[in-house]
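Colleague: could you look at this predicted model? Sequence included:
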Amino acid sequence: DVYKRPLNLCAAVRGGVGLAGHHGGMCDAFRESVDYQFLCGGQWVAHPGNIIDYKVDLTQPDDPIMKGLKSFEHRSEQYYMHVDPAIEVLATTTFTGEHAPWIDGVVMPVVWKKRYGAGRVFYSSLGHRAYELDVPEIRTLMTRGMLWAARE
């Protein structure tokens with residue numbers, strides 16, 4: 001049953017399984033499952049302007065996932081999300097309001113990690129197109145985030 005799938009995943013992560021993902025593949029999935037949204041730490045809402053240029057700002061440059069990386073300019077979908085205040089934000093982006101004036105100046109988490117029971121969860125909203133993984137900062141933070149989530 002499709003409704004049981006996210007519950008089984010949530011139970012596995014609560015039990016200690018790590019989970020890492022990116023973009024809509026993780027935080028725009030299983031919209032009907034509140035438990036799954038609680039696990040992820042965020043839910044996609046919109047990407048005003050579609051593919052646009054924006055900046056990704058590191059908030060915790062000394063975190064092992066982000067260490068040695070610098071803030072960078074990026075071209076992709078700039079995700080506007082509803083987020084859990086319990087996430088540990090590693091990077092953000094700031095909306096200009098050009099495509100949705102009511103969100104001018106909103107600082108939005110882009111990359112985060114969190115605990116869910118005994119499990120670790122890592123998420124990045126970056127990665128709409130495969131070529132984005134060729135961006136050294138994105139490839140590095142994704143690799144490190146997956147490794148962090150996989151550790152006990």
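Modeller: Thanks, I have the structure now.
Colleague: when you work out contacts or count neighbours from here on, use the C-alpha atoms and nothing else.
Modeller: Fine.
Colleague: give the buried residues for the longest helix along the chain.
Modeller: For the chain, the helix with the greatest residue count under DSSP state H is helix 136-150. Of all the residues in helix 136-150, those buried under the rule 16 or more other C-alpha atoms under 10 Å are Glu137, Ile138, Thr140, Leu141, Met142, Arg144, Gly145, Met146, Trp148, Ala149, Ala150.
Colleague: repeat that for stretch 62-71.
Modeller: Ile65, Met66, Leu69, Ser71.
Colleague: the buried residues of helix 136-150: which two are farthest apart?
Modeller: With C-alpha to C-alpha as the measure, no two of the buried residues of helix 136-150 lie farther apart than Glu137 and Ala150, at 19.9 Å.
Colleague: what strand or helix carries His74?
Modeller: Counting by DSSP states H and E, the secondary-structure element that holds His74 is strand 72-77.
Colleague: before we move on, what about Val13?
Modeller: helix 5-14.
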